[in-house]
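J.: Provide a 3D model corresponding to the input given below.
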Amino acid sequence: MPVSAGKAFRQGPAPLGVLIIDDDPQNVDLLTAVLENEDVQIFSSTDPRAGLDLFAEKRPNIVLLDVVMPNLGGMELLERIVQADPAADVLLMTGNYSTESAVEAIQKGACDYFTKPIDIGKLLARVKGILADADRRRSTMKLELELLEAYEFQGIVGRSPLMLELFGKIRRIAPHYRTVLVTGETGTGKELVARALYSLSPVASKTFAVCNCSALVETLVESELFGYVRGAFTGAAQDKAGIFEYANGGTVFLDEIGELSMPAQAKLLRVLQNQEIQRVGSPSPRTVDVRVVAATHRDLRTLVKEGRFREDLFYRLAMVEIELPGLSERVEDILLLGRHFLKKYSAQYKKEITGITRRAQALLARYSWPGNVRELENVVGNACMMVPGRLIDVGDLPESIRTQNSGDDDESDLMLTMEEVERRHLIRVLEHVRGNKSRAAEILGVSRGTIYELLAKMKGEQPGPGSDRGT
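T.: So this is what the prediction gives:
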């Protein structure tokens, strides 16, 4: 299995790899001679099975592959290469050209098909074109990483109008807050917002303590939050500070505040009103100075109406409220977040994963993401762990994402007019925001007047005066 390497003639990234697999040694020598002046590293094999092993070892960017070879045919080898690494550009070569085989090759993932004897000029032009595309991809990746850095705020990634507005709100609130209520669906990043508020606050050098209220056992809530003194109950062998004393001078993050029982809510209200706590078993109160960020995925206003959350505590917490958008409301951020998690997990797993294929990106962009950013992170993290090649492809995504078109988005949708697509999307967005036209306009990136015009058009009416106002 002869192997040779070309020279790199320029400074910068490592040269791209070209693998030649052909059972004809003369053709291998010819192609090697043609490509040796290009900025590539050349590998070659006259044995198809050894060539497949060489591909797995070297991961070349371009493969020049003969179709007719003993033991393992070029078409089968093509399928294995594309399956292992969808990013590889495979150029097939054959002495027995047919339209059917050319079509089959393209369908299986080949990027071109050449007839022997090879037209060296055309082959060289095609390889140079692929190399130019690779350079552009490298430049694009560099720009994407720069964009990622530009749109990362305190560990939160986003460039959509909703997220940029959120970043501005956090900056304004952080220096002054005493209590903040952060609301949003599960997986939207409420703890990240809490940490951002803390990091930008005057007490950033002090303690940041996290308490998951949904994990507190009812009998231990009081002692976990406020502490206890020795002998307060069986097993209390020594004094223990609660989370508010532990974070004195800093910030307490109360996650899932909606899960607290009514008695615990009453005791928490006392802390917020008086900045005092009382350890279990102690008659004397202790003064604390803490900032509180509370978070919940529940609708606390509904819980108040149902009598399951104290109204006075709600208004104390909601003096400042930050509502986080779901990922479906910030679709502009999906691929940016995908790149962020790709960078994170490829480094964590020590794998050279360069990107996500366009068809996989299209599926990610169309998916509804009920689990929000956390679900996207899990999907990309799992794909980074399992993918054998340099690119995450459709096959590396969960079945729920791969098969999402089996429902409403069937082939009949392809026959819809743009007007109908626009109408359906507007209806879905309005349903999502419960008819709030201002919010719908914000999500769609248009004015409220445009929303009214579209609605009037759907009803066959003219928008009335003042239609650009209100909600």
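
J.: and the helix ranked longest in the chain, what other elements does it pack with?
T.: In terms of residue count, the longest helix belonging to the chain (DSSP state H) is helix 120-150. Applying 3 or more Cβ pairs under 8 Å, 6 or more residues apart in numbering; DSSP states H and E, we find helix 120-150 packed against strand 16-21, helix 25-35, strand 62-66, strand 89-94, strand 112-115, helix 334-348. Yep, even glycine has a C-beta here, placed from its N, CA and C like the rest.

J.: please name the nearest non-neighbouring residue to residue 83.
T.: Nearest non-adjacent residue to residue 83, counting by Cβ to Cβ, 6 or more residues apart in numbering: residue 395, 7.9 Å away.

J.: where does the stretch 1-150 of the chain have low pLDDT?
T.: Within the stretch 1-150 of the chain, the stretches with pLDDT under 70 are 1-14.

J.: can we see that at 50?
T.: Along the stretch 1-150 of the chain, the model assigns pLDDT under 50 to residues 1-12.

J.: run a quick neighbour tally on residue 128.
T.: When neighbours are defined as other Cβ atoms under 10 Å, residue 128 has 11 of them.

J.: distance of the closest residue to it other than its chain neighbours from residue 64?
T.: Using Cβ to Cβ, 6+ apart and skipping residues adjacent in sequence, the residue nearest residue 128 is residue 38, 7.3 Å away. Taking Cβ to Cβ, to the nearest Å as the measure, residue 38 and residue 64 are separated by 13 Å.

J.: ok, now residue 263?
T.: 75 Å.

J.: for residue 321, same thing?
T.: Distance from residue 321 to residue 64, by Cβ to Cβ: 61 Å.

J.: which one of these two is surrounded by more residues?
T.: Ranked by neighbour count (other Cβ under 10 Å), residue 321 and residue 64 place residue 64 first, with 27 against 12.

J.: wait, what's in contact with that one?
T.: For residue 64, the contact set (Cβ atoms under 8 Å, 6 or more residues apart in numbering) comprises 18, 19, 20, 21, 22, 31, 91, 93, 123.

J.: for beta bridges, what are the partners of the nearest residue to the last one once chain neighbours are set aside?
T.: By that I understand residue 123. In this structure, residue 123 finds its nearest non-sequential neighbour in residue 114, 6.0 Å apart by Cβ to Cβ, 6+ apart. For residue 114, the beta-bridge partners are residue 93 (DSSP bridges).

J.: how many other residues sit next to residue 114?
T.: Residue 114 has 18 neighbouring residues, counting by other Cβ under 10 Å.

J.: for residue 139, same thing?
T.: Applying other Cβ under 10 Å, we find 10 residues neighbouring residue 139.

J.: what's the spacing between it and residue 347?
T.: In terms of Cβ to Cβ, residue 139 sits 21 Å off from residue 347.

J.: then residue 289?
T.: According to Cβ to Cβ, residue 289 and residue 347 sit 39 Å apart.

J.: likewise residue 27?
T.: 41 Å.

J.: so which of the two has more stuff around it?
T.: Between residue 27 and residue 347, residue 27 has the larger neighbour count (other Cβ under 10 Å), namely 20 against 11.

J.: residue 65 is in contact with the more buried one, correct?
T.: No: counting by Cβ atoms under 8 Å, residue 27 stays clear of residue 65, with 11.5 Å between them.

J.: checking residue 175 next. Helix, strand or coil?
T.: Following DSSP: H, G, I helix; E, B strand; the rest coil, the label given to residue 175 is coil.

J.: okay, now it: neighbour count?
T.: Residue 175 has 10 nearby residues by other Cβ under 10 Å.

J.: wait, what's in contact with it?
T.: By Cβ under 8 Å, 6+ apart, residue 175 lies in contact with 200, 201, 202.

J.: from residue 183, how far off is the closest residue to the last one other than its chain neighbours?
T.: Translated: residue 202. Spatial nearest neighbour of residue 202, excluding adjacent residues (Cβ to Cβ, 6+ apart): residue 175 at 6.4 Å. From residue 175 over to residue 183 the distance is 22 Å, taken as Cβ to Cβ.

J.: please apply the same query to residue 152.
T.: In terms of Cβ to Cβ, residue 152 sits 23 Å off from residue 183.

J.: which one's more surrounded, those two?
T.: residue 183 (21 against 14).

J.: so that one sits against residue 326, correct?
T.: No: counting by Cβ under 8 Å, residue 326 is not a contact partner of residue 183; they are 11.4 Å apart.

J.: show me what whichever helix or strand residue 374 is part of is packed against.
T.: Secondary structure assigned from DSSP states H and E places residue 374 in helix 372-386. For helix 372-386, the packing partners by 3+ Cβ pairs under 8 Å, 6+ apart come out as helix 334-348, strand 391-392.

J.: go with 10 Å
T.: helix 334-348, helix 358-366, strand 391-392, helix 399-402 (3 or more Cβ pairs under 10 Å, 6 or more residues apart in numbering; DSSP states H and E).

J.: tell me the most buried of those?
T.: strand 391-392 (a mean of 22; mean count of other Cβ atoms under 10 Å).

J.: what does the average pLDDT come to for that strand?
T.: Averaging pLDDT along strand 391-392 gives 88.

J.: for residue 254, see how far away the closest residue in space to residue 64 that isn't next to it in sequence is.
T.: Of all residues not flanking residue 64 in the chain, residue 20 sits nearest, at 4.7 Å (Cβ to Cβ, 6+ apart). Residue 20 is 63 Å from residue 254, where distance means Cβ to Cβ.

J.: now do the contacts for residue 203.
T.: Residues near residue 203 by Cβ atoms under 10 Å, 6 or more residues apart in numbering: 247, 249, 250, 251, 289, 290, 291.

J.: which ones are touching residue 238?
T.: Going by Cβ under 10 Å, 6+ apart, residue 238 touches 228, 229, 230, 231.

J.: so which of the residues you listed wins on neighbours?
T.: Busiest of those [other Cβ under 10 Å] is residue 228, holding 22 neighbours.

J.: residue 239 is in contact with that residue, correct?
T.: Yes: between residue 228 and residue 239 there is a contact under Cβ atoms under 10 Å: 7.3 Å.

J.: any idea how the chain splits into domains?
T.: Domain segmentation of the chain under automatic domain parsing yields 16-145, 153-323, 327-411, 416-459.

J.: residue 199 contacts residue 171, doesn't it?
T.: No: contact criterion Cβ under 10 Å: residue 199 and residue 171 do not qualify, at 11.1 Å.

J.: overlap in contacts of those two?
T.: With contacts taken as Cβ under 10 Å, 6+ apart, residue 199 and residue 171 have residue 154 as neighbours in common.
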